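**Student:** Quick one, fold the following:
(one chain, ligands or ions: 1)
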Amino acid sequence: MTTSTASEPETAPADKNFLPGPVLLLGAPGVGKGTQAKALMAEYGIPQISTGDILRANISSGTALGKVAKTLVDQGTLVSDDLVNQMVADRLRQPDTHHGFILDGFPRTLNQATWLDEQLSAAPGTLPVVAISIVVDYEQLLHRITGRRISPAGRIYNVYSNPPKVAGICDVDGSSLVQRPDDSEAVFTERMKTFEGQTAPVVEHYRKQGRFEEIDGDHAVEQVTAEIKSALKRLRQGSGQ
Ligand code: AMP
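**Tutor:** Now for the predicted structure:
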């Protein structure tokens, strides 16, 4: 199974006085979880764990997990809790997660959330998770998803709001940009149904637990990052942890 992705941190934390510990980034497809996770990873030097990225890496390298996941990912429905939990368990055993991590796209069901809560409470010395829910309205999400183009190295563009200088080509390394198969409007509609039915209850689960803040994601990337960083400080200071 492929458990790591190309996006692991190589640099030391920029803000050495503050480490946010385990962080969950919650929100519908297209709210900017991946973009914000990468910004937080650069800031704090803790890894982004994106279950979607790990599944896509398994699909492109043709592992057994990738073969099971491909149809589900392509049609915008969820991979089974057991498979995804196992994938996250494997990733959390890697030593770069020991000072904290940013989970992006997990948990997506109440079963996954309960499993994660149990895992973390059983791990001695682990801070409780803090959850950030990013919110953006439906029309904006549709625009973001259908306009999204990605370079093989994972740089994210948008044909409407952040186009490359030359259409279809990455500004940084000249590679060809691609559209994820699940970023079509039809699959987006399915992913939103999945979000409303199965993941919205996860957001409520963490809202009720406390150590939770909701962030308006309809601003410039840097502003949203700044608001998440402030929220993380408040949440850790508020809980005394
Ligand atoms: P993402 O990149 O987070 O939008 O995820 C892409 C797709 O991967 C989703 O539409 C699901 O098919 C699958 N996936 C990602 N994370 C999970 C998860 N936590 N549980 C089940 N399926 C997932």
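
**Student:** Isn't residue 229 up against residue 40?
**Tutor:** Yes: when contacts are counted by C-beta atoms under 8 Å, residue 229 is listed as touching residue 40 (7.5 Å). Every C-beta, even on glycine, is put in place using the N, C-alpha and C of the backbone.

**Student:** Could you check which of these two has the larger neighbour count?
**Tutor:** Using other C-beta atoms under 10 Å as the criterion, residue 229 and residue 40 rank with residue 40 on top: 23 against 18.

**Student:** who's in contact with that one?
**Tutor:** Shown in contact with residue 40 (C-beta atoms under 8 Å, 6 or more residues apart in numbering): 20, 23, 46, 48, 102, 225, 228, 229.

**Student:** what helix or strand is the last one on?
**Tutor:** The one in question is residue 229. helix 221-239 (DSSP states H and E).

**Student:** Give me the helices and strands touching that helix, please.
**Tutor:** helix 33-44, strand 130-135, strand 212-216 (3 or more C-beta pairs under 8 Å, 6 or more residues apart in numbering; DSSP states H and E).

**Student:** any weak-confidence spans in the chain?
**Tutor:** Low-confidence segments of the chain (pLDDT under 70): 1-16, 238-241.

**Student:** which other helices and strands contact the strand or helix carrying residue 115?
**Tutor:** Per DSSP H and E, residue 115 falls inside helix 110-122. Here helix 110-122 touches helix 81-92, helix 200-209, going by 3+ C-beta pairs under 8 Å, 6+ apart.

**Student:** who are the neighbours in contact with the closest residue to the ligand within the chain?
**Tutor:** Residue nearest to the ligand within the chain: residue 52 (2.0 Å; C-beta to the nearest ligand atom). Taking C-beta under 8 Å, 6+ apart, we find residue 52 in contact with 34, 73, 104, 105.

**Student:** Ramachandran angles for the residue nearest to the spatial centre of the chain?
**Tutor:** The centre of the chain sits closest to residue 104, judged by C-alpha atoms, centre = their mean, with a distance of 2.0 Å. Main-chain dihedrals, residue 104, degrees, to the nearest 10: phi -120, psi 110.

**Student:** Against residue 159, how distant is it?
**Tutor:** 23 Å (C-beta to C-beta, to the nearest Å).

**Student:** wait, doesn't residue 132 sit right on residue 213?
**Tutor:** Yes: counting by C-beta under 8 Å, residue 132 does reach residue 213; the two are 5.8 Å apart.

**Student:** Mind listing the shared neighbours of those two?
**Tutor:** residue 231.

**Student:** Give me the more crowded residue out of the two.
**Tutor:** residue 132 (27 against 19).

**Student:** Give me every residue in this structure lying close to the ligand.
**Tutor:** Taking C-beta under 6 Å from any ligand atom as the test, the list of the chain residues beside the ligand reads 29, 51-52, 55, 72-73, 76-79, 84, 105-106, 108, 112, 182, 191.

**Student:** Can you turn the buried part of the residues you listed into a ChimeraX selection?
**Tutor:** The ChimeraX command for the buried members of the residues of the chain next to the ligand (criterion: 16 or more other C-beta atoms under 10 Å) is given here:
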select :29,51,52,55,73,76,78,79,84,105,106,108,112,182,191
